[in-house]
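Trainee: whatever this is, show me its structure:
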Amino acid sequence: MNIYDYKSALKNMIDSTNDEALLKEWTSRMEEDYKSYQQKQSDANNTASSTEVTPDEKSGKDDTSGYVILESGLGIDE
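Mentor: Below is the predicted model of the structure:
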């Protein structure tokens, strides 16, 4: 089954049900499941964004901003 088949099956099952108590129970369960799904998606997005690589990390360049160049007096920078 693909996603459209699942949606259709759920819609058909709901449409064929006239028991109000059962529909209320399904609604509360689905709302809880959907909230849990949204939270997992949000957590996954936050985890992915916190582990993103910066452009310098992608290019493999080292951060040399803290390096100091010493002159040896021989005309060669060390």
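
Trainee: what is the subsequent helix or strand relative to the strand or helix carrying residue 4?
Mentor: Using DSSP states H and E, residue 4 sits within helix 3-15. Of the helices and strands lying after helix 3-15 in sequence (DSSP H and E), the nearest is helix 20-50.

Trainee: from the contact counts, what lies against that next one?
Mentor: In terms of contacts (3 or more Cβ pairs under 8 Å, 6 or more residues apart in numbering; DSSP states H and E), helix 20-50 is packed against no helix or strand at all. Placement of C-beta: from N, CA and C, glycine included.

Trainee: what's next to stretch 18-30, contact-wise?
Mentor: The contact list for stretch 18-30 (Cβ atoms under 8 Å, 6 or more residues apart in numbering) reads 14, 17.

Trainee: can you rerun that using 6 Å?
Mentor: Under the criterion Cβ atoms under 6 Å, 6 or more residues apart in numbering, residues residue 17 lie in contact with stretch 18-30.

Trainee: separation between residue 4 and residue 16?
Mentor: Note on residue 4: its distance to residue 16, by Cβ to Cβ, to the nearest Å, is 18 Å.

Trainee: repeat that for residue 39.
Mentor: Distance, residue 39 to residue 16, by Cβ to Cβ: 31 Å.

Trainee: which one's more surrounded, these two?
Mentor: Comparing residue 39 with residue 16 by other Cβ atoms under 10 Å, the one with more neighbours is residue 39, at 10 against 7.

Trainee: any idea of the pLDDT on that one?
Mentor: Residue 39 carries a pLDDT value of 94.

Trainee: how much space separates it from residue 3?
Mentor: When distance is defined by Cβ to Cβ, residue 39 is 21 Å away from residue 3.

Trainee: and the angle from the helix holding residue 4 to helix 20-50?
Mentor: Angle of helix 3-15 versus helix 20-50, following axes from the mean of the first three to the mean of the last three Cα atoms, to 10 degrees, is 150 degrees.

Trainee: packing partners for helix 3-15?
Mentor: The contact analysis (3 or more Cβ pairs under 6 Å, 6 or more residues apart in numbering; DSSP states H and E) places helix 3-15 against no helix or strand.

Trainee: buried residues, that helix. List them.
Mentor: Of all the residues in helix 3-15, not one is buried under the rule 16 or more other Cβ atoms under 10 Å.
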